[in-house]
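Engineer: here is a sequence together with a model predicted from it:
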Amino acid sequence: MKKESQLIMAIESSCDEASVAFVRFFDTHFEVLSHVVYSQIEIHQKTHGVVPEVAARKHVETFPWVLDEAITKAGVGIADVDCIAVTYGPGLIGSLMMGVQVAKSLALAYHKPLVAINHLRAHLQTAFFDLEQKKYRDVKFPMMGLLVSGGHTELVHFTTPVEMKIIGQTLDDAIGESFDKVATLLNLPYPGGPHVSKMAQQGDVHGFDLPIAMKHSHDYNVSYSGLKTAVRDLVKKNDVHERVADVCASFEYVALEQILQKTVKAVQDFGSKTLCMAGGVSANRVLRSELVSRFSNSCEVIIPPFEVCTDNALMIALSAYIELQNGAQAVDYSAVMSKPNLSIEIR
Ligand code: KG4
Ligand code: ZN
């Protein structure tokens, strides 16, 4: 007899967030029983970036109570779940190992199957869910995925919810990384994205003339290290003390313009019927509004709510559901290993 619902417990710990979610999936909708996220941001602000060893040690300390809180809020036990989903890559090896070891131990103790989830696929697969209505979305293919985070900048062509190909990516720094590095140059707190973006609101986007890289490259790749160097030179040569907002606005304009122009080209060339965005930088308000204004006439634009832009276990549960619906198999606890350099193209 077919089961009426499927209860998935999900675990995420690939970088500096520890998160656990319990999600019940029905035929037409889903219910989030609990979703707990513990962010280590305050700790990493002192070093202006994540120190991997520090992140891993903090996970060891916080994971038991994140798990405990998620179980208590969900009002179910681990014995009740149908499977356990866990991020197995990519990410920081010490951080990944924490979540994977917790998932494997619980799978072993409770005789539950495991679903190994690729963190990058999970970010973009949130597009298949209406997170406000808690319903599934009927997405039209081909779909273009724009992944913009602290570690990745990729344009991904989807032909189904699980078949995808990277068609363009950064040749050096990720877009979020460039926001973070510019923030450090301007003595703004870590992570830089939200602070640079907030300052930019008061600045002039043409206050400083910065270069848009890869403009004539005839491909879908981007590059952000030259922009960071240009901002460094600007800060060195000029007294920008009074004009930090102009530096932020000029930088943000060029950083976003570069990826937006490549996205326009990609959507046109691949005939994308849907465009979705995900990853930490998708919290950027200018990028969100530009995406809607530039693309809503040519395709459907899907942008996740702010709370799922950054790392979280809810997206891991959603990805597990999509992958299982599309042929992935849950496995025995012994079959899952952490993979720090996993590509989005691999399940
Ligand atoms: O996806 P994410 O939470 O973590 C990974 O990198 O996997 O992304 C974090 C990145 C950081 O670089 C942060 O500065 C950036 O997202 N970010 C932003 C904004 N909010 C977060 N960048 C630009 N504007 C924002 N509002
Ligand atoms: Zn992420």
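Structural biologist: Done, it's in. Ligands and ions are numbered 1, 2, ... in the order given.

Engineer: and residue 338, how far from ligand 2?
Structural biologist: Distance of residue 338 to ligand 2, computed by C-beta to the ion, to the nearest Å: 15 Å. Every residue, glycine included, has its C-beta placed from N, CA and C.

Engineer: what's the answer for residue 244, then?
Structural biologist: With C-beta to the ion as the criterion, residue 244 and ligand 2 are 28 Å apart.

Engineer: please apply the same query to residue 137.
Structural biologist: Counting by C-beta to the ion - residue 137 and ligand 2 are separated by 21 Å.

Engineer: offset the numbering so it begins at 223, please.
Structural biologist: OK, 223 is where the count begins now, so the last one is residue 359.

Engineer: give me the number of residues near the residue of the chain found nearest ligand 2?
Structural biologist: Using C-beta to the ion, the closest approach of the chain to ligand 2 is made by residue 533 at 4.4 Å. Neighbours of residue 533 under the rule other C-beta atoms under 10 Å: 26.

Engineer: so the residue in the stretch 273-422 of the chain positioned nearest to ligand 1, which of the three states?
Structural biologist: Nearest residue of the stretch 273-422 of the chain to ligand 1: residue 415, at 2.1 Å (C-beta to the nearest ligand atom). Under DSSP: H, G, I helix; E, B strand; the rest coil, residue 415 falls in the helix class.

Engineer: wait, what's in contact with it?
Structural biologist: Residue 415 makes contact with 372, 398, 401-402, 405, 502-503, 505-506 under the criterion C-beta atoms under 8 Å, 6 or more residues apart in numbering.

Engineer: rewinding a little: and the residue of the chain closest to ligand 2, helix, strand or coil?
Structural biologist: On the basis of three-state DSSP, residue 533 is classed as coil.

Engineer: residues in contact with residue 414?
Structural biologist: 401-406.

Engineer: can you pick the most crowded of those?
Structural biologist: Result: residue 401 is most packed of the contacts of residue 414 (other C-beta under 10 Å), 29 neighbours.

Engineer: coming back round to it: need phi/psi at the closest residue in space to the residue of the chain closest to ligand 2 that isn't next to it in sequence.
Structural biologist: Residue nearest to residue 533 in three dimensions, not counting chain neighbours: residue 239, with 4.2 Å by C-beta to C-beta, 6 or more residues apart in numbering. Residue 239 adopts backbone torsions of phi -120, psi 140, taken as degrees, to the nearest 10.
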